[in-house]
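> sequence and predicted structure, then a few things I'm wondering about:
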Amino acid sequence: MARAESVEQASEKQPSAIRLGGSSTVFPIMVEAIKAYRAAGNNSKIVIKESGTSEGFKRFCAGQLEIANASRPINSKELKACASNRINFIELPIAFDALSIVINPANTWAKQISTKELALLWGRQAEGKIGRWNDVNQDWPDRPIKLCGPGKDSGTYDYFNKAINGNADNSRQDYTSSEDDNVIVKCVAKNPNALGYFGFSYYEANKNKLRTLAVAASAAPVKPSVINVQEGRYQPLSRPLFIYINDKAYVSNPELRKLTALTLRNGLSLAKKAGSIPLPASTYLLVESKLYKRITGSAFSGDLPVGLTIGEALRKSFDAGKQPQYR
């Protein structure tokens, strides 16, 4: 016992590495944040890995990460895992996203796609049955569809299937899948018959290789764009992006506090540099306030909300801070 205590005391005196992991969609934003942190003369060890939101939460709730990058709110199973390991956290929205439906530029027939057509194509019932473009829309050619998309550990997978197919687990599995969005980019870019989906920043970084489809829900088709998301028009495939901060580590590690504060203070510019969709400038001040007040817990109670505008998501996030259970 004495030996264990001495090892623990010694480790507390050493600077701790800041470990980040999770969402590939949030990954580019945090890479930009780390660059800014380094540019400010900070040299603490930082380890960052993109592994998908679900895998990130698994490690975060096991105490293996100080920051979880997440493209969806923490779910009820993950909340229980964090609680059982006494991991308290601060949930911070840092940007917004537009799940983008992408095709190869050589595709001359598809300009838009409806949410009904997406469900026909991507739902579990489509596996082994819907495999050609004219299976989805009779006006499209009798050509095979090559499907490319996120894997099961991705928050993008969860959100897309909840928004389009009604359930986070309702997805066909006969497609090229990866938690690395660059793999999906290559999958679509090299095949004229391909269609895939991922976060907006990866489309922005690969505009010369890909084309997006406008998405039609109940209204006219809408393209994914910064302005369409900010004005609430790109539904139901808009979503908030988060970082989750281990509260105990935040209190004990000044470098973690420094990195987190820098990320929020420069949130708008970091999101723009990463190709993501920034929150309104004034909102980052509110997010900073949530951090400094150390309002812990999730505003979403384990739920996966679909179709929230920026304003609705932020109201939900900040109103939770007024409730006793979040103080």
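It's in.

> switch to C-alpha atoms for all contacts and neighbour counts from now on
Fine.

> N69 reaches P28, doesn't it?
No. Between N69 and P28 there is no contact under C-alpha atoms under 8 Å: 10.3 Å.

> the two: which is more packed in?
N69 (34 against 20; other C-alpha atoms under 10 Å).

> backbone phi and psi for that one, please?
Main-chain dihedrals, N69, degrees, to the nearest 10: phi -90, psi 130.

> that one and Q230, how far apart?
Note on N69: its distance to Q230, by C-alpha to C-alpha, to the nearest Å, is 21 Å.

> and for A249?
Using C-alpha to C-alpha, A249 is found at 33 Å from Q230.

> and the gap between A163 and K186?
Distance from A163 to K186, by C-alpha to C-alpha: 25 Å.

> what pLDDT does the residue nearest the centre of the chain get?
Closest residue to the average C-alpha location of the chain: S71 at 1.9 Å, with C-alpha atoms, centre = their mean. S71 is assigned a predicted lDDT (pLDDT) of 94.

> next structured bit after the lowest-mean-pLDDT helix or strand in the chain?
The weakest-scoring helix or strand in the chain, judged by mean pLDDT, DSSP states H and E, is helix 2-13 (a mean of 33). From helix 2-13 onward toward the C-terminus, using DSSP states H and E, the following helix or strand is strand 18-22.

> if we can go back for a sec, could you find the closest non-adjacent residue to the residue nearest to the centre of the chain?
The shortest distance from S71 to any residue other than its chain neighbours is 4.8 Å, reached at L241 (C-alpha to C-alpha, 6 or more residues apart in numbering).

> pretty sure the one you found is touching L99, no?
No. Between L241 and L99 there is no contact under C-alpha under 8 Å: 11.5 Å.

> buried ones in stretch 123-138?
G123, R124, A126, I130, G131, R132, W133, D135, V136, N137 (16 or more other C-alpha atoms under 10 Å).

> got phi/psi on the last one?
Spelled out, that is N137. Note on N137: its backbone torsions stand at phi -150, psi 120 [degrees, to the nearest 10].

> show the contacting residues for it.
Residues near N137 by C-alpha atoms under 8 Å, 6 or more residues apart in numbering: E117.

> ok, it to R172 distance?
18 Å.

> now swap in the third one and tell me
From A126 across to R172, the span is 6 Å (C-alpha to C-alpha).

> helix, strand or coil for Y197?
strand (DSSP: H, G, I helix; E, B strand; the rest coil).

> nope, L285 is what I meant
Judged by three-state DSSP, the three-state class of L285 is helix.

> next up, the contacts around it.
Contacts for L285 (C-alpha under 8 Å, 6+ apart) come out as L264, R265.

> again, only this time at 7 Å
Contact analysis of L285 by C-alpha atoms under 7 Å, 6 or more residues apart in numbering lists nothing.

> got it, and W122?
Residues near W122 by C-alpha under 7 Å, 6+ apart: S171, R172.

> please apply the same query to the one 3 residues further on.
Taking C-alpha under 7 Å, 6+ apart as the contact definition, Q125 lies against R172.

> distance of it relative to R172?
In this structure, Q125 and R172 are 7 Å apart, going by C-alpha to C-alpha.

> in the stretch 201-327 of the chain, mark out all the helices, start to finish.
In the stretch 201-327 of the chain, the helices defined using DSSP state H, counting those that start in this stretch lie at 226-230, 247-252, 254-265, 267-273, 281-292, 310-319.

> tell me how many other residues crowd the closest residue in space to D158 that isn't next to it in sequence.
Leaving aside its sequence neighbours, D158 sits nearest to A168 (C-alpha to C-alpha, 6+ apart; 4.4 Å). A168: 18 surrounding residues under other C-alpha under 10 Å.
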